[in-house]
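Enquirer: build me a model from this:
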Amino acid sequence: MSIMSRIEIIRAALVCSSAAWAASFAGTAYAQDAEVAAEAAVEPGESIVVTGSRIQRRDYEANSPIVTANEELLENQSTAAIETALNKLPAFTPVQTPSLGGDIQATATSTPGAATLSLRNLGTNRNLVLIDGRRATPANALGVVDINTIPVAAVERVEIITGGASATYGADAVGGVVNFILKRDFEGLQLDGRAGISQRGDGFEYNVNGLLGTNFADDRGNVTIGVGLNKRESAKRIDRPWFREALRDPRFAGTEFFPDFSAFQPYGGVNPTQDAVNAIFTPGAVPAGSRIYFNEDGTAFTGFFQSVPGGAYRFKGDLSGEKWAKTADGALKQNFLDDFVVLPLKRYNIYLRGNYEINDSIGVFTRADFTRVRTTTVQQPSPSVNGWSALVPAASPVPAELRSLLNSRVIPAGMDQATYRNSFFVNTLNCDPNAVPGAPGSGASCDWQLTYYLNQNNRQARTDVSTYNIVAGLEGEIPGTDWSWEVYASQGESQTDSLITGTASLERFRAVVSAPNWGAGFRAQGNPLFGGFGAATATCTSGFDPFNKGNVSQDCLEAISADLKNRSIMQQTVYEANLQGGLFDLPAGDLRFAAGASYRKNDYEYLNDTLTSQGRSFLDQTIGIYPSGNSRGVITVKEAYGELLIPVLRDLPFVESLELNVGARTSDYNTTGSSFTWKAMADWEVTDWLRIRGGYNKAVRAPNIAELFLAPQQNFTAAGGGDVCRTSNTLPYSANPATNPNAANVRAVCEILMNRQIAGTSNVFYSDPQFFAAQGPAFAFPTLVGNPNVKPEQAKTWTIGAVANSPFDSPWLNRLRLSVDYYNIKVDDAIGPQTLDTAQLQCFDPFYNPAITTSPATAAASPFCQAIGRVAGDGALGNVQVTYLNSGRFRTQGVDFQLDWAADIGPGTFSLNSVVNYLITLKSSGLPTRPLVEYAGTLGPVGSAGVAENGLNPGAFRWKMLNTFGYSVGPAEVSLQWQHLPSAKSISYPLNPNTPFVGSPAYDLFNLNGSFAVAENFTVTAGVDNLFDKAPPLVEYNATATGLANGIGANPFNAYFFDLNGRRFYIGAKVDF
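Expert: Alright, predicted model coming up:
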């Protein structure tokens, strides 16, 4: 079916549906208080367990603030992605969603294409995801649950409790609990489907579900089976008008970090002379150590990521389109045009549930589900740059202008001939051993560093996640009492298989490109000593001529191709027994209890492709993929808990009832030993229309498998504070004598670290202003490793609030309900990875390394400094070893408001549901000696890939709001959702109130949906997401600067908080038999 056909079909269906809406409408409260949701979910007189407590009760009240997302919220949208619906609620912070999964590298801590949840900005591993009150199986070593694996067809509602709940559910429930309640005791056949597409004709998605259930054995048993299929096609950013406008904006810095032009990068200080550079470019415009690119005709140009006076570019590409452009300050930028704004996905799931009453006192139950999800993510082609670049012989054929630069190169002076002949220059760069260092042209024979963009397809990751959960147990009641019990065992497994294509072998590429004539006619036989036994023969007809890249033959691409496979498996085993009931009567009511014990084991293993295994493949690695080691870890915990519901007072003036809910849990981990958590909650029903609730939770978060056992895992990131070894750095512990009186000792330590591999490297660094005088962030390759000595986090949570039901009989007010809840969360000993800035601080700041003020050699030998690697040859910041520490702390406070109101107006009923969060404070510090920094009202905390200091998530909006307006008449209903975010200051504002960077403006998004009950058992739904095709706002841009001065950064729109997709239409139907 064509794109236009899909759009017309859905639009026609919407037009037909609108006729029904015009006749009569209905409204629905999508986000409900626990009491309202529970009343609708159970039969009169039936006991239930509300999320946050293990005690069954008949009054549906919860001591903790709970919001319930019902089926309408989950289904009334153009996508089947549950996390998209939940992230509309103010308590959630978007992290990984259909628009936020561009990572292609699956590791022990990253699952490309996954969907995750975060509450209160606290991080994806500080909230606990449950299915029917039992732990879901995590997807990776961080203990994070991939929401894609939840069986969508079976979800009845989602209950969300925000705040500590460790005493009830165990570790991880620091920020709260997200409990997916699945359908049970279903009778009949239910079929539903939904299809949606964007206004641009892409991102087509459909979702089909079926649920079949029946009772048997005179209604003593029930079996329910559900199946679901969900398929989503991709949508690209380039097909959105706001993104195309940004690409053309001269203030915009560009999205492609590695330009796809071949370049000459001076290496090891063997630079061309300034005169040779000036003969090509405007004199004085291009420093001799600059990276120089080449046009297709072989002429040199420069200007990528650097401002050069007019005329210096000499770039001959097309600047009128969207691929390449100039920024306002003269820098050249390049854009990646294949980024997804919506990730493609295919998911199917099977759900089975059964229960049978053997007799009046005992029954058996089971639940099983299986989900398989395939997602695809994409990034630009493999870049052979920096550590992935190649050193090629000086004799390789090159354009005339490059030849003049190569012939003018000079080996750094300062070495006698004996030292020179045994130096890096002769042994590594193959320089002429008889050359005289410092002499003109002495470096003409040296190998040179080639930066090359491989002629391959985009790097792409296809990630398959297969998850199953099986629960089976016995449940029953003790005759003669109201006590009930259950014992069960559960087994779950999540297996992630990733295939990365479009990648290449670094050493194979180097072997071919350094061969004569760029490898044209190259042939290599593996295992030649034994006639090629068990090995392949590689050929390359065309070679990889970096100055004629359009004619690379297929056999050359195949010769270097290196697709990667890796697998991770998380297995979770749980045994649990629970008992609850009434103990005895007190004057104010029944004293009730709950108690239980459990054993849980999480066993995780990550097996990386040998080619990219950290520390394993010493002969080769993959271009564009960071190495990581094979990780394995096992955590077991034995737990016991107890809980009491104590009625204190009842039927007194201003005290309809007063109850206390206290609980405690003890846990014994094989990794971190024992921990103890407890809670004390109170519920005061002042009158029949006013209730006050609140309490205290002492929670913990035990370190997960990654934080304890992660094998070395490398990445690429920036030190926001820059390289401390630069003499231009303004940090008080840097090598800048203007800001640090101890600068000489800092520089001495830097020189020791730089010269560890190659003597004289520090001379290269401190003689080239591109290194020692550089401004801004410093990029490096941190290697993160687990820390078996890390301890549990400690959290304290206070809540207090009130719930008011209208005391008025007026038809305008009798369906009014309001809840207000204050929360205060304090976390100490927060677990988080060291950042590059922290690693440098601990090496060079006298507070952490006192020897730096007296003995540079002793300071350099400290563990903190030994972890900081410098690049051999030029001394730049390189591979930095970092780990997890209990060094952070953070605080957050806020108020949640919820308003529900309905009234009969005209022939129908109007309803309003409003959920609001006001953030009072969000403060964080990564080190105990550093003050807490306030981020409330900003887009902070500072971070990358959605994760910031202490594992927090950015986006500390001062307040967030979701309003739903509805109107209903008879069988039809329509509702309008209004999401609002206020303006927010820049991420950089908390540390620099005078920052020129602008955060984000206020943002409003509207979604329209409706349904019509054609018959009692047949309902049609339709809707429009982003009703007014609202464009995302520009965020985090410098209002006073442009281009390299970060006028508008490479990610001009924030997909975490703002809709990048544009207007989308959908239609669906549900039928019951």
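Enquirer: tell me the pLDDT of residue 851.
Expert: Per-residue confidence at residue 851 stands at 96 (pLDDT).
Enquirer: same check on the one 3 residues further on?
Expert: Among the per-residue scores, residue 854 shows a pLDDT of 95.
Enquirer: next: the one 10 residues further on.
Expert: You'll see residue 864 listed with a pLDDT of 94.
Enquirer: counting neighbours, what do you get for residue 67?
Expert: 24 (other C-beta atoms under 10 Å). For every residue, glycine as well, the C-beta is placed using N, CA and C.
Enquirer: does it have beta-bridge partners, and which?
Expert: Going by DSSP bridges, residue 67 is paired in beta bridges with residue 33, residue 160.
Enquirer: close enough to count as contact, it and residue 176?
Expert: No - with contact defined as C-beta atoms under 8 Å, residue 67 does not count as touching residue 176 (10.0 Å).
Enquirer: intersection of neighbour lists for these two?
Expert: 91, 160, 162 (C-beta atoms under 8 Å, 6 or more residues apart in numbering).
Enquirer: buried only: go through these for me.
Expert: Among the shared contacts of residue 67 and residue 176, those buried by neighbour count (16 or more other C-beta atoms under 10 Å) are 91, 160, 162.
Enquirer: make TSV from those residues and add pLDDT and distance to residue 201 to it.
Expert: Below are those laid out as TSV (pLDDT from 0 to 100; distance: C-beta to C-beta, whole Å):
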residue	pLDDT	distance to residue 201
91	94	35
160	91	35
162	80	39
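Enquirer: nearest to residue 188 among those?
Expert: Closest to residue 188 out of those is residue 160 (28.9 Å), distances taken as C-beta to C-beta.
Enquirer: one step back: ok, of the shared contacts of residue 67 and residue 176, which one's closest to residue 719?
Expert: residue 91 (33.0 Å).
Enquirer: show me what contacts residue 622?
Expert: Residue 622 makes contact with 382, 503-506, 562, 564, 609, 611-612, according to C-beta under 8 Å, 6+ apart.
Enquirer: and the residues you listed, which two are the farthest apart?
Expert: Spatial extent of the contacts of residue 622 (C-beta to C-beta) is set by the pair 382 and 609 at 14.7 Å.
Enquirer: so for those two, which sits in the more crowded spot?
Expert: For residue 382 versus residue 609, the count of surrounding residues by other C-beta under 10 Å is larger for residue 382: 28 against 23.
Enquirer: ok, for the more buried one, nearest residue in space, not its chain neighbours?
Expert: In space, and not counting its chain neighbours, residue 382 is closest to residue 624: 3.9 Å by C-beta to C-beta, 6 or more residues apart in numbering.
Enquirer: for the one you found, phi and psi?
Expert: For residue 624, the backbone dihedrals are phi 80, psi 0 (criterion: degrees, to the nearest 10).
Enquirer: let me see the contact set for residue 784.
Expert: Contacts of residue 784 by C-beta under 8 Å, 6+ apart are 710, 712-715, 833, 882-884.
Enquirer: which of the residues you listed has the weakest pLDDT?
Expert: residue 715 (85).
Enquirer: was I right to think it contacts residue 785?
Expert: No - the criterion here is C-beta under 8 Å, and residue 715 misses it with residue 785 at 12.0 Å.
Enquirer: and the two? Which one has more around it.
Expert: A direct count of neighbours by other C-beta under 10 Å for residue 715 and residue 785 places residue 715 higher, at 20 against 17.
Enquirer: shaky segments in the stretch 951-1073 of the chain?
Expert: Within the stretch 951-1073 of the chain, the stretches with pLDDT under 70 are 1041-1047, 1049-1050.
Enquirer: and this protein, what are its domains?
Expert: Structural domains of the chain, as assigned by automatic domain parsing, span the residue ranges 504-561, 737-789+835-884.
Enquirer: what's the most buried one of the ones you listed?
Expert: Comparing the domains of the chain by mean neighbour count (mean count of other C-beta atoms under 10 Å), domain 737-789+835-884 comes out on top with a mean of 19.
Enquirer: what about that domain, distance to the chain center?
Expert: In terms of C-alpha atoms, centre = their mean, to the nearest Å, the centre of domain 737-789+835-884 is set 29 Å apart from its chain centre.
Enquirer: in the strand ranked longest in the chain, what's buried?
Expert: Of all segments of type strand in the chain, defined using DSSP state E, the longest is strand 877-905. Within strand 877-905, the residues scored as buried using 16+ other C-beta under 10 Å are 877-894, 896-902.
Enquirer: who's in contact with the closest residue in space to residue 275 that isn't next to it in sequence?
Expert: Closest residue in space to residue 275, ignoring its immediate chain neighbours: residue 408 at 7.3 Å, by C-beta to C-beta, 6+ apart. Residues in contact with residue 408 (C-beta under 8 Å, 6+ apart) are 272-273, 275-276, 440-441, 444.
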